[in-house]
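Participant: structure, please.
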Amino acid sequence: MAGVAREQFRILFLNRKNVVIVDEVHQEGTIDHAPVYPREVVKRALEVGASAPILVHKHPSGDLTPLAADVAMTRYIAAAAKVIDISLHDHIVIGANRHTSFRAAGLLP
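Facilitator: Numbers count the residues shown, from 1 in each chain. Have a look, this model is predicted:
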């Protein structure tokens, strides 16, 4: 994803043994925005039988700082998923040759 020029939002769907069962592009956006809807993320997790997603998105600017909107959306997804026993493992932001983890930064509930 480091070479992608637009904002891209991928989801890695894991099973109970933390094995990736699906890796897919969920949304592709513009140079600075890709819309993500918590309902659609949770719906897709149910469709593929996942127990834990990892969200991954590209900041084309290279700035790894999570935006307030990124943090809010991630928390909405985590809360919605938790109700149906799906655990959001992490949200990774990809920049040019670097990345940051929401979990490591203490941004996940």
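Participant: so, low pLDDT: which residues of this protein?
Facilitator: 1-5, 31 (pLDDT under 70).
Participant: what residues of the helix or strand containing Met73 count as buried?
Facilitator: Met73 belongs to helix 68-83 when assigned by DSSP states H and E. Residues Asp70, Met73, Thr74, Arg75, Tyr76, Ile77, Ala78, Ala80, Ala81 are the ones in helix 68-83 that count as buried (16 or more other CB atoms under 10 Å). (Each C-beta comes from the backbone N, C-alpha and C, glycine too.)
Participant: same question, stretch 84-92
Facilitator: Ile86, Leu88, His89, Asp90, His91, Ile92.
Participant: and of the residues you listed, the nearest to Leu55?
Facilitator: Distance to Leu55 across these (CB to CB) is lowest for His91, with 4.1 Å.
Participant: which SS class is the closest one?
Facilitator: Assigned with DSSP: H, G, I helix; E, B strand; the rest coil, His91 falls in the strand class.
Participant: surely it touches Leu55?
Facilitator: Yes: under the criterion of CB atoms under 8 Å, His91 makes contact with Leu55 at 4.1 Å.
Participant: hey, what's in contact with both of the two?
Facilitator: The contact sets of His91 and Leu55 overlap at Thr74 (CB atoms under 8 Å, 6 or more residues apart in numbering).
Participant: mind listing the strands in the chain by residue range?
Facilitator: 8-14, 20-28, 52-58, 90-94, 99-101 (DSSP state E).
Participant: how about Arg75, what does it touch?
Facilitator: Contacts of Arg75 (CB under 8 Å, 6+ apart): Leu108, Pro109.
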